[in-house]
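A.B. asks: model this:
(chains A and B)
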Amino acid sequence: MTQLLVQLILSGLAMGAVYALVALGYTLIWNAVGIVNFAQGDVVMLGAFVAVGALTNMFHLPIILGLGGMLVLMAIFGVAMALLVYYPVRNAPQLSAIVATLGLSMMLQNGVVLVWGPEPLSFTGPFGNATVTLLGAKIYTQYLLILAVLVLMMVAQEGMFRFTSIGRAMRATAQDAEAARLMGIRTNRVIAIIFAYAAMLAGLAGWLVAPLFYVSSDMGGKVSLDAFAACILGGFGSIPGALIGGLVLGLIESLGAFYISSEYIDVIAFGLLFAVLIFRPEGIFGEPQMERP
Amino acid sequence: MRKFQVEQRENGWARPFFALSVCAALLATPGAAASAQDSSKAPIPIGLSASLTSQFAQNGKWMRQGVELAVKEINAAGGIKGRPVKLYVEDDQGVNPTGAINAAIKLITQDQVVAIVGPHFTPDILADEPSLAQYKVPALTGATGPVVTAKGNPYVFRVRLNDNAGAKLLVRYLTQVRHWDSIGLSYVNTAFGQGGISAVKGELEAEHIKPVLVQTHMDSTKDYTSQLLAFQKAGAKNLIIWTDDQPMGLINKQIKTLGLKFGVAGNGGLTLPNVLNLAGDATNGAYSIAEFISNNPDAGIQAWDKKYKAAYGEEPELYGSVYYDAAKLVLDAIKRAKTIDGKGVRDALAATKDFKGVVTTYSAAPTGDMVHSALITRNENSKPTVVKSVSEGGQ
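C.D. replies: Have a look, this model is predicted:
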């Protein structure tokens, strides 16, 4: 019995951690510029393709270099997103910016097929199919890596936000871009950095999940939707909310599919979301009143 | 007077330009072209609806390769009655009824095709069926969902074994020869998966076996841990899986990782190279019902392997082979058709008898089903091998 629970909880938390990483990206961008980046899930996919398709398969880099290289490239891509997708529509109605991100999503999905072909890629990653036995349950070592990375990222991020000037600049811009600019912070630059950071988080999520599932052009879709739901669950705009929302959603999906029904799992997960929106629309960590941009 | 003169000058270029445009338009219209040249040399248009994008883009690529090879061959041999064959390709975007309808309508109304090869997926061909009947253009599909030929639409032809027959033959083999019991069922929640698993359930019922648990998933589902553990909890010793390629690969891979010991069987996806590449040796020991595997020792198949490899540098698999045959069936029907239009080709297709293709022999039944036999295969060393041939109405 414990074996079973351990397997379900760990696989749920691992998926939840991936949702959390993507949800963080949504949250940071929303806080900074007030738009929802609907291409975030596809940035996850792009990160996976760059790390696996290009750096590992084409250039045969060792895994760590592949990861590092991908993060650098994703940061550059994030800046490009800020300059080419967000910047031109920053003064247009919010809807234009959202449609722009939808367009980016379609471009990414079809672009990867043009570059890497239609066949899904498999990736052994640092652990391959290795499993570890925890409390009698056999689980992918990769799950433990995902959770470890999430914890490390959160600690590093908190440190960055609190103790570095760039982190403080990011927080200030997120809270009130006008005031930040008046205080001498170069908000345009900071916004580009926020996009770069969000892209790195998404790429990291893609790299973490690639060994478990296949790297394919459609892998971003479900993650995108679930991470968005996680944001809403945890409170849109709240960073701890994104984290907890992601983990909770992952657990609900895993346990719900086993104990209730795999057929209705999406109904359960999104039904819960409906309930949250009706009874506590600000989410778990959100503030009851939100300033509309 | 001056105003009039200025107008003349300003419009000086407009009138000759306008006259030129009208002439060009007249020359460009098909009617003019047809009467200007010999219409018996005009190319015969046929269409291909394939998944050029989406997670099924690889399958679409294979389909296209098979069809293009057949068209190239016939054109190299002089075409049909002196007319070359022109292939129009449209993207149906995978398992996507809207994409499929758009592709079909475009092929029929814009490209004026006399027949369509594809779409491949059950939900797609189902969505196309009303348009095919309305415009009277036949389509040949490799979809195996039984409902596809159950509606009495005379414009739909099936070039693979109907799942009703296929699932039955597979289940019969598993229960009677391999003595399977304690069976769990897993299927993708589309018309294809639902039809397939319903046929499996029907045959199990006929043999008085009740599945221990039935579960479903979507094409986008990635994590099957909960479902597999649920099967284990329910006491399943064997699983019959009816699903699309990526889920098939993932389910098998995760069974292996979780250390679960299930006997596995399912639809032909288990024999495809993309599933084998992804799942590796996790599918070893799995049984499947399929039409084509490349390491079939049959001399005809070996010759086909060589031809396909020479053209594309890779071994043929199910999609390339079946749709090569489908294209050849269309071309053969066009040859026999009384009139080279949708209705004429359809009537010729319906009269197809014992047409020897690469994969199998095709004979059209009144329902539109053209294939009545298949192979039971078993995966060994990450490759499918033939266990036995089976046919409808037999063992």
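
A.B. asks: and A:Asp30, how many neighbours?
C.D. replies: For residue A:30 the amino acid is Trp, not Asp. Applying other CB atoms under 10 Å in any protein chain shown, we find 19 other residues in the vicinity of A:Trp30. For glycine as for every other residue, the C-beta is placed from the backbone atoms N, C-alpha and C.

A.B. asks: Summarise which helices and strands the helix or strand encompassing it is packed against.
C.D. replies: Using DSSP states H and E, A:Trp30 falls within helix A:2-33. Here helix A:2-33 touches helix A:40-48, strand A:137-140, helix A:141-163, helix A:165-175, helix A:187-209, helix A:219-234, helix A:239-259, helix B:225-233, going by 3 or more CB pairs under 8 Å, 6 or more residues apart in numbering or on different chains; DSSP states H and E.

A.B. asks: Of these, which is nearest B:Val156?
C.D. replies: helix A:219-234 (30.4 Å; CB to CB).

A.B. asks: how is chain B carved up into domains?
C.D. replies: Taking automatic domain parsing as the reference, chain B has its domains at B:42-161+B:297-364, B:164-290+B:376-391.

A.B. asks: Give the rounded mean pLDDT of the shortest one.
C.D. replies: Think domain B:164-290+B:376-391. The average pLDDT within domain B:164-290+B:376-391 is 92.

A.B. asks: Repeat that for the longest one.
C.D. replies: Mean pLDDT, computed over domain B:42-161+B:297-364, is 94.

A.B. asks: How far does that domain sit from its chain's centre?
C.D. replies: With CA atoms, centre = their mean, to the nearest Å as the basis, domain B:42-161+B:297-364 stands 8 Å off its chain's centre.

A.B. asks: ditto for the shortest one
C.D. replies: Relative to the chain's own centre, domain B:164-290+B:376-391 is displaced by 20 Å; criterion: CA atoms, centre = their mean.

A.B. asks: Kindly report the same for stretch A:118-138.
C.D. replies: The answer for stretch A:118-138 is 21 Å, by CA atoms, centre = their mean.

A.B. asks: Give me the distance between the two termini of it.
C.D. replies: 33 Å (CA to CA, to the nearest Å).

A.B. asks: what's the answer for stretch B:105-119, then?
C.D. replies: Taking CA to CA, stretch B:105-119 runs 12 Å from one end to the other.

A.B. asks: List the buried residues in that stretch.
C.D. replies: For stretch B:105-119, the neighbour count (16 or more other CB atoms under 10 Å in any protein chain shown) marks B:106-108, B:111, B:113-119 as buried.

A.B. asks: And those residues, which two are furthest apart?
C.D. replies: B:Val114 and B:Pro119 (17.1 Å).

A.B. asks: In chain B, which residue is most central in space?
C.D. replies: The centroid of chain B falls nearest to B:His120 when counting by CA atoms, centre = their mean (2.9 Å).

A.B. asks: is it fair to say it lies in a helix?
C.D. replies: No. According to DSSP: H, G, I helix; E, B strand; the rest coil, the state of B:His120 is coil, so it is not within a helix.

A.B. asks: isn't it right next to B:Asn59, touching?
C.D. replies: Yes. If you go by CB atoms under 8 Å, B:His120 and B:Asn59 touch, sitting 6.6 Å apart.

A.B. asks: shared neighbours of the two, which are they?
C.D. replies: Both B:His120 and B:Asn59 are in contact with B:50-51, B:319, where contact means CB atoms under 8 Å, 6 or more residues apart in numbering or on different chains.

A.B. asks: Would you mind listing what in chain A touches chain B?
C.D. replies: Residues of chain A lying near chain B by CB under 8 Å from any CB of the partner chain: A:4, A:7-8, A:11, A:15, A:109-110, A:113, A:117-120, A:122, A:129, A:131, A:138, A:140, A:209, A:212-214, A:216-219, A:221-222, A:253-258, A:262-263, A:266.

A.B. asks: So among the residues you listed, which ones count as buried?
C.D. replies: So, by 16+ other CB under 10 Å, the buried ones in the residues of chain A next to chain B are A:4, A:7-8, A:11, A:15, A:109, A:113, A:118-120, A:122, A:129, A:131, A:140, A:209, A:212-214, A:216-219, A:221-222, A:253-258, A:262-263, A:266.

A.B. asks: returning to what we had before: figure out which of the helices and strands packed on helix A:2-33 is closest to B:Leu272.
C.D. replies: For the helices and strands packed on helix A:2-33, proximity to B:Leu272 was assessed by CB to CB; helix A:219-234 is nearest, at 19.2 Å.

A.B. asks: Without its sequence neighbours, what residue ends up closest to the residue of chain B found nearest chain A?
C.D. replies: When scored by CB to the nearest CB, chain B has B:Ala57 as its residue closest to chain A, at 2.9 Å. In this structure, B:Ala57 finds its nearest non-sequential neighbour in A:Pro118, 2.9 Å apart by CB to CB, 6 or more residues apart in numbering or on different chains.

A.B. asks: so the one you found, which of the three states?
C.D. replies: Quick answer, by three-state DSSP: A:Pro118 is coil.

A.B. asks: from memory it sits against B:Trp62, does it?
C.D. replies: No. Using CB under 8 Å, A:Pro118 makes no contact with B:Trp62, being 9.6 Å away.

A.B. asks: where along chain B do the helices fall?
C.D. replies: For chain B, helices defined by DSSP state H occupy the ranges B:2-10, B:14-28, B:30-36, B:57-76, B:97-105, B:122-135, B:163-172, B:191-206, B:225-233, B:245-257, B:273-279, B:299-312, B:318-336, B:342-350.

A.B. asks: list the contacts for the residue in the stretch 101-250 of chain A positioned nearest to chain B?
C.D. replies: Going by CB to the nearest CB, chain B is nearest to A:Pro118 of the stretch 101-250 of chain A, at 2.9 Å. Counting by CB under 8 Å, 6+ apart, A:Pro118 makes contact with A:217, B:53, B:56-58, B:60-61.

A.B. asks: Now with 7 Å, please.
C.D. replies: Each residue near A:Pro118 by CB atoms under 7 Å, 6 or more residues apart in numbering or on different chains is listed here: B:57-58, B:61.

A.B. asks: Need those residues in TSV (columns: neighbour count).
C.D. replies: Compiled in TSV, the contacts of A:Pro118 are given as follows (neighbours: other CB atoms under 10 Å in any protein chain shown):
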residue	neighbour count
B:Ala57	24
B:Gln58	23
B:Lys61	19
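
A.B. asks: now those residues in a markdown table, with distance to B:Gly202?
C.D. replies: Shown next, in a markdown table, are the contacts of A:Pro118 (distance: CB to CB, whole Å):
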| residue | distance to B:Gly202 |
| --- | --- |
| B:Ala57 | 33 |
| B:Gln58 | 32 |
| B:Lys61 | 35 |
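
A.B. asks: wait, which of these is closest to B:Gly357?
C.D. replies: Using CB to CB, B:Lys61 comes nearest to B:Gly357 of the contacts of A:Pro118, at 20.6 Å.

A.B. asks: Relative to B:Val89, how far out is the closest one?
C.D. replies: Distance, B:Lys61 to B:Val89, using CB to CB, to the nearest Å: 11 Å.

A.B. asks: Kindly report the same for B:Lys106.
C.D. replies: Separation of B:Lys106 from B:Val89 (CB to CB) stands at 10 Å.

A.B. asks: got it, and B:Gln254?
C.D. replies: Distance of B:Gln254 to B:Val89, given as CB to CB: 36 Å.

A.B. asks: need the contact list for A:Gln3.
C.D. replies: A:135-137.

A.B. asks: which parts of chain B sit against chain A?
C.D. replies: Contact residues (CB under 7 Å from any CB of the partner chain) of chain B with chain A: B:53-55, B:57-58, B:61, B:215-217, B:220, B:222-223, B:225-227, B:229-230, B:246, B:249-250, B:257-259, B:274, B:277-278.
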